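Novice: Quick one: sequence plus predicted model below, questions after.
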Amino acid sequence: MSINQKKQLYLIESLQQHPSAFIIFDKNLSIQWMNNSSRYIFACEDNCEPDCNDDCDVEIKGIFNIKKSEKLKEVKVASSFESNVDMRLRKINFFLRCRVHEVPIADESTFFLLEVLTNNKETLEALRETISCIEHDRIDLAYQKQVNLKSGKLVGLEALLRMRDEDGNIIPNDKFIPLIEGESLFSLVVMASLEKLKEAFDLKNEVDMSGVTIYLNVSAHTAMQENFTNIFIEYVKELNLQPGELGLEITETAELEDVKKAGESFQKLKDFGIPLAIDDFGAGYSSLSYLRDLPVDSVKLDKVFSQTISEKTTSELIKFVVSVCDTLSLQMLGEGIETEDQKQRFIDIGCPNGQGYLMHRPEFLDELKGSLG
Ligand code: G
Ligand code: MN
């Protein structure tokens, strides 16, 4: 093998086996090549040969921010920019957060190297799994009751995402949500969940559940995305829901970059009669500043507080949150209540509502129907 051949082989193999997903396309957006990672997330490797170019039915429909830049051409360094790339994979359309490198190869000719922004193999796995669940309709919802702790009265239902792998096993949420909730792609999961949630609203009309809010979990990242506010508002209109029938639990596993923008989006939802709850309050990034910056209606105290409620420090902290909620006229709910003792302590401290295995374990809708009778 000549030195040149060797060099070329090294170059090709480095991209071919790179842990990031790479796609090469030309200026007509026509895909010329994908590396192994790309084939993996788009589940192409089962369908075609490793060096095939077009059997996977992936299409780049549009690139935002695309602009010809001349600057670095002389020094043969590609210019690059971040972009949400509008893609179609077989029958599904989505946006992927990418870095696009514009590579000039001759005076008139340029190609683009698209890099899907994943930082590790776990994210790659999560992307593949999510795309696969969307494509094959393996997204379901389980429901858990939220009750008034003193009376036991049903006040809410939380819809919990349950995605299944190819073998039908539930994929633990904490294994993939934190990895992809910042991705535009995740909005497709929320859209699929909204479709599923229609069944719960049907049930709500069948049995008497007046005053009960059905909550969907959404990350602040997702809910902030352009047009997302409108999707929720259109949904409420389409189903002719009354104010307070649909609520959102705002989950966050990453720091929110633009709290101000999130606040504005959420205010629109609130004005439209969609109450907002801060999920897992007191843990991770779900902090006091959210109460200041986001127009929330209720606070769901993270389950770690239930687990240690018998300790003086924890009970003092819960008292503090109860008092903040009272002052700011926010509803409050204790999550993860598993024992009678924990429940009684919440009642004594003055937390009105609760949720947890003691009162109800999450059930799929068919099972839930029975228990609502
Ligand atoms: O972050 P969020 O509050 O949405 O998480 C809800 C998750 O907590 C669900 O997956 C649900 O199954 C789980 N969960 C609900 N009740 C309990 C409980 O009493 N104890 C524990 N450990 N987990 C619970
Ligand atoms: Mn939740």
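Specialist: Yep, it's here. Numbers count the residues shown, from 1 in each chain. Ligands and ions are numbered 1, 2, ... in the order given.
Novice: Follow the chain on from the lowest-mean-pLDDT helix or strand in the chain and name the next helix or strand.
Specialist: When the helices and strands of the chain are compared on mean pLDDT, DSSP states H and E, helix 220-224 comes out lowest with a mean of 76. Using DSSP states H and E, the next helix or strand after helix 220-224 towards the C-terminus is helix 228-238.
Novice: how far away is residue 41 from residue 95?
Specialist: 14 Å (Cβ to Cβ, to the nearest Å). C-beta here means a position set from N, CA and C on the backbone, and glycine is covered the same way.
Novice: now the stretch 101-250 of the chain, which segments are flagged as low pLDDT?
Specialist: Residues of the stretch 101-250 of the chain that meet the criterion pLDDT under 70 lie in 226.
Novice: What residues does it have near ligand 2?
Specialist: 217, 249 (Cβ under 5 Å from the ion).
Novice: picking up where we left off before, more neighbours: residue 41 and residue 95, which one.
Specialist: Neighbour totals were compared for residue 41 and residue 95, and residue 41 leads with 24 against 19 (other Cβ atoms under 10 Å).
Novice: which residues does the more buried one contact?
Specialist: Each residue near residue 41 by Cβ atoms under 8 Å, 6 or more residues apart in numbering is listed here: 21, 116, 124, 127-128, 131.
Novice: Which one of those residues is nearest to residue 300?
Specialist: Within the contacts of residue 41, proximity to residue 300 (Cβ to Cβ) peaks at residue 127, which comes in at 28.4 Å.
Novice: That closest one contacts residue 186, doesn't it?
Specialist: No - with contact defined as Cβ atoms under 8 Å, residue 127 does not reach residue 186; the gap is 9.8 Å.
Novice: Report the set of residues contacting both of the two.
Specialist: Contact criterion Cβ under 8 Å, 6+ apart; residues shared by residue 127 and residue 186: residue 180.
Novice: Which secondary structure elements does the least confident helix or strand of the chain sit against?
Specialist: Packing partners of helix 220-224 (3 or more Cβ pairs under 8 Å, 6 or more residues apart in numbering; DSSP states H and E): helix 186-206, helix 228-238, strand 246-251, helix 259-271.
Novice: what's the closest of those to ligand 1?
Specialist: strand 246-251 (5.6 Å; Cβ to the nearest ligand atom).
Novice: what pairs with the closest one, and is each one parallel or antiparallel?
Specialist: strand 213-219 (parallel), strand 276-281 (parallel) (DSSP bridges).
Novice: Dump these to a markdown table, plus mean neighbour count and distance to ligand 1.
Specialist: Output for those, formatted as a markdown table (neighbours: other Cβ atoms under 10 Å; distance: least, Cβ to the nearest ligand atom, whole Å):
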| stretch | mean neighbour count | distance to ligand 1 |
| --- | --- | --- |
| strand 213-219 | 23 | 5 |
| strand 276-281 | 24 | 5 |
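Novice: To residue 238, which of these lies closest?
Specialist: Here strand 213-219 is closest among the strands paired with strand 246-251 (Cβ to Cβ), at 14.9 Å.
Novice: what's the offset of that closest one from the middle of its chain?
Specialist: A distance of 12 Å separates the centroid of the chain from that of strand 213-219, by Cα atoms, centre = their mean, to the nearest Å.
Novice: Report the angle between that strand and helix 186-206.
Specialist: 170 degrees (axes from the mean of the first three to the mean of the last three Cα atoms, to 10 degrees).
Novice: any idea of the angle strand 213-219 forms with helix 228-238?
Specialist: Going by the same axes, to 10 degrees, strand 213-219 is angled at 160 degrees with respect to helix 228-238.
Novice: By proximity to ligand 2, which residue of the stretch 1-150 of the chain wins?
Specialist: residue 144 (8.7 Å; Cβ to the ion).
Novice: How about the contacts made by that residue?
Specialist: Applying Cβ under 8 Å, 6+ apart, the residues near residue 144 are 157-158, 160, 355, 360-363.
Novice: quick check, it in a strand?
Specialist: Yes - counting by DSSP: H, G, I helix; E, B strand; the rest coil, one finds residue 144 located in a strand.
Novice: separation between it and residue 28?
Specialist: Residue 144 sits 50 Å away from residue 28, going by Cβ to Cβ.
Novice: quick one on the thing from earlier: can I get the contacts of residue 41 in JSON lines including neighbour count?
Specialist: Formatted as JSON lines, the contacts of residue 41 follow (neighbours: other Cβ atoms under 10 Å):
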{"residue": "21", "neighbour count": "25"}
{"residue": "116", "neighbour count": "23"}
{"residue": "124", "neighbour count": "20"}
{"residue": "127", "neighbour count": "24"}
{"residue": "128", "neighbour count": "18"}
{"residue": "131", "neighbour count": "21"}
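Novice: returning to what we had before: excluding chain neighbours, what is closest to the residue of the stretch 1-150 of the chain closest to ligand 2?
Specialist: residue 362 (4.2 Å; Cβ to Cβ, 6 or more residues apart in numbering).
Novice: Just to check, the one you found is in contact with residue 143?
Specialist: Yes - with contact defined as Cβ under 8 Å, residue 362 and residue 143 form a contacting pair (6.3 Å).
Novice: who has more neighbours, the two?
Specialist: When residue 362 and residue 143 are compared for neighbours, residue 143 comes out ahead with 23 against 18, by other Cβ under 10 Å.
Novice: Now do the contacts for the more buried one.
Specialist: Counting by Cβ under 8 Å, 6+ apart, residue 143 makes contact with 157-160, 200, 214, 362-365, 368.
Novice: re the thing from before, can you tell me which of the contacts of residue 41 comes closest to residue 267?
Specialist: Nearest to residue 267 out of the contacts of residue 41 is residue 127 (Cβ to Cβ; 31.7 Å).
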